[in-house]
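Student: need a structure here:
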Amino acid sequence: IEKAMDMLLAAQREDGYVTHAIYIDEEVPGSSWANSGTVQTPHLPWTALRHCYATGSTEPLRRWKPALEKYYRYLCASRDTELENLHLWAIFSSFDTGLDTTSAFQRVTYGEPDHEKEKYCYPAVFGAERFRYELSMAEIEELLGGDGSSWRAEAEKTREAMNRILWDEAAGWYGVRHEDKTLDTRVGLDGLFAILYGLPDEERVKKMGPGVCRLIGPYGVRTVAEGEPGFRADVYWRGACWPKSCSVMMEVCRRCYPELAETVRDSLLRMVLRYPSVWECWNVETGELAHSDHGFYCTPGMTSNVGAGDLIASLWESHGLAMYSTKMPLPAVPMKNFHRRTEDLGREERQPDDRDRVRSRKIGGRRRFPCAEGAAEAGRPKGGCCRSYRSSACGQQRCLVTADKKRFRFTTQEKAAGFPKKRASPLF
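Tutor: The predicted model follows:
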């Protein structure tokens, strides 16, 4: 976390802009997204706080604080005072929020059939992010021995603006204020962030309850409630479920709607157990995979924040861990020297021994055989599990080949011991 924060803030532009991604092929770090002005990083202050509470060190906070203050001034100027000065934050496209192409942001991103593309809009999610940013900066100030009262006063102004401008009393939800000053309220993940960050009072939380229920389905949590304008059950952020919508909802229910927490957890588990891989998004009603606006299907997110990470977070939340709290304890474990099979390359190499022996086992519902001899014992034809390298030395040849796929691989240690270096494509 510390290295990532250092990289992002070191790439801060002169005007205060901070990118949300840096790619290894960029000549100027962060330039790819900086050229478009897209921001997805208003959460940086509470990420910094999580790091502080995990490590017990305030030195990084002291180092990052000036850049975070500069970034706040940039967001307030470019996303508010130069527009309508509402004490909220606006977006220039849906990609600013990370909720790409969700239906309420269609007008600001592409335009709508009956509306031209607007320059900006004020969504609930960015108002909530401003509120959380200001509270986090107050906490950082106090941890460094300062007075955070001015930051807390700004957060209260943001809360008041959210409730006065974006709250829809009839719908019982927070909406989107368009450039033409109309309020567009569609029950979805956008408004749910207000509850996540503790912005609405108890009365509003109660009024939002029916909308919360509309988002929960048999296979996870919808990003937009069924029946809302632009809802699409199987398209990206227009209604399909994402792991992010599950983790947000689980935290919201844990704190505000405990009677719904078990329902959310069961629907999430139903989806997780449906496929052997973790996917970006899916249809909440059927469990079938969803696709993007352009038609291609979602991609597997085995180790990404849009996949397995958020799903694991959701399950932890169901057991009481506050994953979105700045004070949630994190394991302070250094992450380095790992390669793609998650073996620690920093450990001392050892010679193959009985620990390398792979016995017959089931993976994904299919039985894998250790070698030709093992296959024969299981009633398969001689050499049926490995046609290229037949051996009866079960403990030497680490074959993970299925009878139907006929694929194999060797460990680094086995290659060093003289086994063939040829390997097929990964099993998963």
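Student: could you dump the longest helix along the chain to PDB, C-alpha only?
Tutor: Counting residues, the longest helix found in the chain (DSSP state H) is helix 124-143. Extracted C-alpha coordinates of helix 124-143, given in PDB (Å, rounded to 0.1, in the frame of the first residue of the first chain):
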ATOM      1  CA  ALA A 124     -24.600  10.900  -4.900                       C
ATOM      2  CA  VAL A 125     -21.500   8.700  -4.900                       C
ATOM      3  CA  PHE A 126     -19.200  11.600  -5.400                       C
ATOM      4  CA  GLY A 127     -21.000  13.700  -2.800                       C
ATOM      5  CA  ALA A 128     -20.500  10.800  -0.400                       C
ATOM      6  CA  GLU A 129     -16.800  10.500  -1.400                       C
ATOM      7  CA  ARG A 130     -16.300  14.200  -0.600                       C
ATOM      8  CA  PHE A 131     -17.900  13.700   2.800                       C
ATOM      9  CA  ARG A 132     -15.600  10.700   3.500                       C
ATOM     10  CA  TYR A 133     -12.500  12.500   2.200                       C
ATOM     11  CA  GLU A 134     -13.100  15.400   4.600                       C
ATOM     12  CA  LEU A 135     -13.700  13.200   7.600                       C
ATOM     13  CA  SER A 136     -10.500  11.200   6.800                       C
ATOM     14  CA  MET A 137      -8.400  14.400   6.500                       C
ATOM     15  CA  ALA A 138      -9.700  15.400   9.900                       C
ATOM     16  CA  GLU A 139      -8.600  12.100  11.300                       C
ATOM     17  CA  ILE A 140      -5.200  12.400   9.700                       C
ATOM     18  CA  GLU A 141      -4.800  15.900  11.100                       C
ATOM     19  CA  GLU A 142      -5.600  14.700  14.600                       C
ATOM     20  CA  LEU A 143      -3.300  11.700  14.300                       C
END
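Student: For that helix, which helices and strands make contact with it?
Tutor: Packing partners of helix 124-143 (3 or more Cβ pairs under 8 Å, 6 or more residues apart in numbering; DSSP states H and E): helix 44-55, helix 59-76, helix 149-161, helix 189-196. Just so you know, the C-beta spots here come from the backbone N, C-alpha and C atoms, and that holds for glycine as well.
Student: after the strand or helix carrying S245, next one along is what?
Tutor: Per DSSP states H and E: S245 is located in helix 243-256. Remark: after helix 243-256, the chain's next helix or strand is helix 258-272, criterion DSSP H and E.
Student: who does that following helix touch, helix- and strand-wise?
Tutor: Packed next to helix 258-272, using 3+ Cβ pairs under 8 Å, 6+ apart, are strand 216-217, strand 220-221, helix 243-256, helix 308-318.
Student: Return the angle between stretch directions for the last one and helix 243-256.
Tutor: In this case it means helix 308-318. 10 degrees (axes from the mean of the first three to the mean of the last three Cα atoms, to 10 degrees).
Student: now what about stretch 216-231, what contacts it?
Tutor: For stretch 216-231, the surrounding residues in contact (Cβ atoms under 8 Å, 6 or more residues apart in numbering) are 99, 102-104, 106, 186-189, 211, 214-215, 233, 237-242, 245-246, 248-249, 260, 263-264, 267-268, 270-271, 274, 282-287.
Student: ok, the spatially closest residue to T326 that is not a sequence neighbour to S325 distance?
Tutor: Residue nearest to T326 in three dimensions, not counting chain neighbours: L49, with 4.0 Å by Cβ to Cβ, 6 or more residues apart in numbering. Separation of L49 from S325 (Cβ to Cβ, to the nearest Å): 9 Å.
Student: These two: which is more packed in?
Tutor: Using other Cβ atoms under 10 Å as the criterion, L49 and S325 rank with L49 on top: 20 against 15.
Student: How about H20, nearest residue that isn't a chain neighbour?
Tutor: Closest to H20 by Cβ to Cβ, 6+ apart is Q40, at 3.9 Å.
Student: Do I have it right that that neighbour meets G98?
Tutor: Yes. With contact defined as Cβ atoms under 8 Å, Q40 counts as touching G98 (4.9 Å).
Student: circling back to that earlier point, report all helices and strands that the helix holding S245 contacts.
Tutor: helix 189-196, helix 209-215, strand 220-221, helix 258-272, helix 308-318.
Student: Return the most buried member of those.
Tutor: strand 220-221 (a mean of 28; mean count of other Cβ atoms under 10 Å).
Student: What does the pLDDT read for A417?
Tutor: For A417, the pLDDT comes out at 46.
Student: scratch that, P381
Tutor: At P381, pLDDT is 46.
Student: Likewise for S277?
Tutor: S277 is given a pLDDT of 76.
Student: looking at this, it is in a strand?
Tutor: No. Under DSSP: H, G, I helix; E, B strand; the rest coil, S277 falls outside any strand and is assigned coil.
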